[in-house]
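*Asks:* Sequence plus the predicted model coming up.
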Amino acid sequence: MTDLFGELADLVLPSACAGCGAERTRLRHGACPACVTELEGLRPAWSSPSPPPPGFPPCVAVGPYAGALRGALLAYKEKGRHRLAGPLGALLAGAVAAIAPRDRPVLIVPVPSTRAARRERYGDHMSRLSAHAVQRLRAAGWAARVEQPLRALPKPDSTSLDAAARSTAAVNSLRIKPARISNPRRGAAMRGTLVVADDIVTTGATLAAAVRRLEEADMQVTGAAVLAATQLRRNCPGI
Ligand SMILES: [Zn+2]
């Protein structure tokens, strides 16, 4: 019921823009016209942390972690503004489309949340975003679906760790769900363009760990799609 009330409140009551915090302004999906324009103007670009951790996949980011994109992501994740899942999912679809050819099935594998994070953050935010991205991709002609072979275990705060320790912690925090290992036919169904999806890439340790776990389970990863990169490298502007 909390979610339902949140939806209704967002419709009926004026609330601040999710992107910039402006109040008493007309909102579309929770964002003011200036932020909507900023979000719609973002163009996905190849992105890589510097230096990238070993095993970091080819990665496309919708934009830098700044401005309206940062505001919208925080409002969606930390304040439970679920209506932003639609526009943010559409942006994520744009990043996936930059990697995935239209003539092959595309499987989006969201980086999973821990149980504690799901409780704190109003549900599994990447799973929801990925579902919206799939809707957009299907509407644009892709055979797309979400697959969730990964689960997340609690991991220690990585801010004080060096790069190697952070990578180890990231790998140890991800597991392939047992059903995926015990049922080889399930693995066969995973063929297609497999894109790992996450909200923000910072050091790249989580994405590299996800790729490693998936490939250990014989799931070949084509690349990663993220909404925001804290260190955006536009090293291939041709997307
Ligand atoms: Zn705004």
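*Replies:* Perfect, thanks for sending it.

*Asks:* Show me which residues of the protein sit near the ion.
*Replies:* Contact residues, the chain versus the ion (C-beta under 5 Å from the ion): 17, 19-20, 22, 32, 35. Yep, even glycine has a C-beta here, placed from its N, CA and C like the rest.

*Asks:* how does it look with 8 Å?
*Replies:* 17-22, 25, 31-36, 38, 68, 71 (C-beta under 8 Å from the ion).

*Asks:* Among the residues you listed, name the ones in helices.
*Replies:* Counting by DSSP state H, those place 33-36, 38, 68, 71 in helices.

*Asks:* Buried subset of those as a PyMOL selection?
*Replies:* To isolate in PyMOL the members of those that are buried, counting by 16 or more other C-beta atoms under 10 Å, one can use:
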select buried, resi 35+36+38+68+71
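
*Asks:* Closest one to the ion out of the ones in helices among the residues of the chain next to the ion, please.
*Replies:* Nearest to the ion, judged by C-beta to the ion, of those is Cys35 at 3.3 Å.

*Asks:* Surely that closest one is in contact with Ala16?
*Replies:* No. At 10.9 Å, Cys35 does not count as touching Ala16 under the criterion of C-beta atoms under 8 Å.

*Asks:* What are the boundaries of the helices in the protein?
*Replies:* 2-12, 33-40, 67-78, 85-99, 115-120, 125-139, 163-172, 178-182, 184-188, 205-216.

*Asks:* what residue lies at the spatial centre of the protein?
*Replies:* When C-alpha atoms, centre = their mean is applied to the chain, the residue found nearest the centroid is Asp198 (2.7 Å).

*Asks:* List the contacts of the spatially closest residue to that residue that is not a sequence neighbour.
*Replies:* Counting by C-beta to C-beta, 6 or more residues apart in numbering, Val111 is the residue found nearest to Asp198 once chain neighbours are left out, at 4.3 Å. When contacts are counted by C-beta atoms under 8 Å, 6 or more residues apart in numbering, Val111 touches 126, 150, 152, 196-198, 206-207, 210.

*Asks:* Could I have the ChimeraX command that selects the buried members from these?
*Replies:* The ChimeraX command for the buried members of the contacts of Val111 (criterion: 16+ other C-beta under 10 Å) is given here:
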select :126,150,152,196,197,198,206,207,210
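
*Asks:* From the residues of the chain next to the ion, which one has the minimum pLDDT?
*Replies:* Note: of the residues of the chain next to the ion, the lowest pLDDT belongs to Thr25, at 77.

*Asks:* tally of neighbours for Phe56?
*Replies:* As a burial measure, Phe56 scores 20 neighbours (other C-beta atoms under 10 Å).

*Asks:* I figured it was touching Ser48, is that so?
*Replies:* Yes. Phe56 lies in contact with Ser48 (C-beta under 8 Å); the separation is 6.5 Å.

*Asks:* which neighbours do those two share?
*Replies:* Shared contacts of Phe56 and Ser48 (C-beta under 8 Å, 6+ apart): Gly204.
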